[in-house]
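# Need coordinates for the following:
(chains A and B)
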Amino acid sequence: MEKISDKNSYTVLFTIGMVIIVGSLLAFLASSLKEKIAENKRIEKQQNILYAMGVNENDESNVEFVSKNKVESEFSTYIKKQLVIQGDKIIEDDNAYLIDIKKEKELAKDAAYQRRLPLFIGEKENKTFYVVPIRGKGLWDAIWAYVGLDDKMVVQGVYFDHAGETPGLGANIKQRFFMDDFIGENLLSDGSFKGIKVAKGNADPKNIDKTDNEVDAITGSTITGDGVTAMIKSELKLYVPYFNTLK
Amino acid sequence: MAEVVEQEKEVKVAKEPLFSKKNRKLFTDPITDDNPITIQVLGICSALAITAELKASIVMSIAVLFVLGVGNVVISLMRNIIPQKIRIIVQLIVVATLVIIVDLVLKAFAYELSKTLSVFVGLIITNCIIMGRFEAFALGNGPWKAFLDGLGNAAGYAVILIIVGFFRELLGSGTLLGIPVLGNPIPGEKTGLYALGYENNGFMLLAPMALIVVGLIIWVQRSRNVALIEEN
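Next up is the predicted model:
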């Protein structure tokens, strides 16, 4: 006797039922958690920006952000101005940190669109910091960073993050030993923009030479490192005209 | 008629004590003599990909433990209504749904943890151990047995992952769970073993070394239990 579960009609009905159940379950869950997730992401962005200008609770070797409940007030204390640069226009916008860099990069593929570039100006101990969000590609997925600069485009702090780099290898770009190497490095070389290269065998593993536009790479994560190099080069370059006006 | 027989079987199973010897074997066998990685050779891909550090191995083990335990039960409960022709797709949907639910909930309530785990989401969905156990066990057994089988296989997977992760991180980076255990390797400030001329083996961090470590485990296991050696 043919079992009912072998019939084509049963299979079709089962499929439809399953899709409806699973689909509505996931849709319900996603929409009911959406606000909470967005809030978490907003807090994270603020933490990252503050981190890049050196406002964090780092101990000797670990990354520690400003705590969640303090971040809102610290953010308004330290970040003095948020700018959006679009071509020659510079607009002040207190929600500039919510600009989605990924979307802007997509839109900018259309040559007619002028990409909006957010820039956060912070002040700490009478020093001015310019924090720039950038985004690029790693080995498996997106990588991004918040780079804190002074007015001469010397790196003051940086926070890297990634969506899915290999744990233990490429994922180490968000470790202190890698990020701290960038502090003090120059993006300019003889007054023109050069970027910072994640270099293999640069004979400077302790990273004493801050004007060589190079930091030491991580073993086994060549492509992630190249992604970091490319991201810094192409994205930070867009901000050079703004920094020229500061001179 | 077939259904009646099925029901009778169910009753018998229910009478069996929860932790009968047979049931316990369901849990313990996959940890040793029927290990999913070293004997069934399943789940190798993730074992290669994420064992460069111990922490990632542990996180992945816990995630698989959860997904396989719950997934096996869900599939087992559905086993009589799943159409034969599309059972693989149904299994895939169950895993994917479970993983996405966990991911969403973590993103909302434990954001930090979810960031650590996000790397593993894709790897869990495609983990062959999970599909393998659904197909080979959960489809033909009751929920309790399926649950034990799921936990057992996940634990067997975890043991190997943690052993491999331990050696790869120790020999490759000189750390365990990110804490330096062999001294300071930075040139000029060397301490501990490094001061004696020891060097980290960068090779251990690359995926092929995981394969070699797994191979060594298989060798040790089979030379201790000759019955496991396949005959040609």
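# how distant is stretch A:237-244 from the center of its chain?
18 Å (CA atoms, centre = their mean, to the nearest Å).
# correction: stretch B:116-125
Offset of stretch B:116-125 from its chain centre (CA atoms, centre = their mean): 13 Å.
# Give the closest residue to the closest residue to chain A within chain B in space, chain neighbours not counted.
When distances are taken as CB to the nearest CB, chain B reaches nearest to chain A at B:Ala52, 2.8 Å away. The way it works is simple: take the backbone N, C-alpha and C, and place the C-beta from them, glycine included. Excluding its sequence neighbours, the residue lying closest to B:Ala52 (CB to CB, 6 or more residues apart in numbering or on different chains) is A:Gly168, at 2.8 Å.
# Just the pLDDT for that neighbour.
Here, the pLDDT recorded for A:Gly168 equals 72.
# Surely it is in contact with B:Val164?
No. If you go by CB atoms under 8 Å, A:Gly168 and B:Val164 don't touch, sitting 11.6 Å apart.
# hey, what's in contact with both of those two?
Among the neighbours of A:Gly168, those also in contact with B:Val164 (CB atoms under 8 Å, 6 or more residues apart in numbering or on different chains) are B:Thr51.
# still on that earlier bit, identify the residues contacting the residue of chain B closest to chain A.
A:Thr166, A:Pro167, A:Gly168, A:Leu169, A:Gly220, B:Gly165, B:Arg168, B:Glu169, B:Gly172, B:Leu205, B:Ala210.
# Confirm the fifth one sits in a helix?
To tie it back to what came earlier, the one meant is A:Gly220. No. Looking at A:Gly220 with DSSP: H, G, I helix; E, B strand; the rest coil, it is coil, so not inside a helix.
# need the contact list for it.
A:Leu169, B:Ala52, B:Gly202, B:Leu205, B:Leu206.
# Now with 6 Å, please.
Residues in contact with A:Gly220, defined by CB atoms under 6 Å, 6 or more residues apart in numbering or on different chains, are A:Leu169, B:Leu205, B:Leu206.
# How much space separates it from B:Glu189?
23 Å (CB to CB, to the nearest Å).
# Repeat that for the fourth one.
Applying CB to CB, one obtains 24 Å for the distance of A:Leu169 from B:Glu189.
# Quickly find the element holding A:Gly148.
Here A:Gly148 sits within strand A:142-149, counting by DSSP states H and E.
# Show me how far the next helix or strand after that strand is from its chain's centre.
Once the chain leaves strand A:142-149, the next helix or strand it forms, by DSSP H and E, is strand A:155-162. Centroid separation for strand A:155-162 versus its chain: 8 Å, with CA atoms, centre = their mean.
# Report whether stretch A:68-83 contacts chain B.
No. Using CB under 6 Å from any CB of the partner chain, stretch A:68-83 stays clear of chain B, coming no nearer than 8.9 Å.
# now chain B, which segments are flagged as low pLDDT?
Scanning chain B with the threshold set as pLDDT under 70 gives B:1-16, B:119, B:187-188, B:231-232.
# which stretch of helix or strand covers the residue nearest in space to the middle of it?
Centroid-nearest residue in chain B, with CA atoms, centre = their mean: B:Tyr157, separated by 3.2 Å. Using DSSP H and E, B:Tyr157 maps to helix B:143-173.
# and that helix, which residues are buried?
Neighbour counts over helix B:143-173 (16 or more other CB atoms under 10 Å in any protein chain shown) mark B:143-173 as buried.
# Check stretch A:59-75 too.
Taking 16+ other CB under 10 Å as the criterion, stretch A:59-75 shows A:Val63, A:Phe65, A:Val66, A:Val71, A:Glu74, A:Phe75 as buried.
# Next step: these restricted to helices.
Among the buried residues of stretch A:59-75, the ones falling in helices (DSSP state H) are A:Val71, A:Glu74, A:Phe75.
# wait, the second one sits on A:Val66?
Yes. Shown here, A:Glu74 and A:Val66 form a contact pair, counting by CB atoms under 6 Å, at 5.1 Å.
# The helix holding B:Tyr157 near chain A anywhere?
No. Using CB under 6 Å from any CB, helix B:143-173 never reaches chain A; the gap is at least 7.1 Å.
# Could you report the neighbour count for residue 136?
All of this is about chain A. By the measure other CB atoms under 10 Å in any protein chain shown, the count of residues near A:Gly136 is 21.
# The chain in question should be chain B.
14.
# near chain B, which residues of chain A?
Checking chain A against chain B by CB under 6 Å from any CB, the hits are A:5, A:10-11, A:14, A:22, A:29, A:33, A:36-37, A:40, A:164, A:167-169, A:219-220.
# 8 Å instead, please
Residues of chain A lying close to chain B by CB under 8 Å from any CB of the partner chain are A:1, A:3, A:5-6, A:10-11, A:14-15, A:18, A:22, A:25-26, A:29-30, A:33, A:36-37, A:40, A:43-44, A:163-169, A:171, A:205-206, A:219-220.
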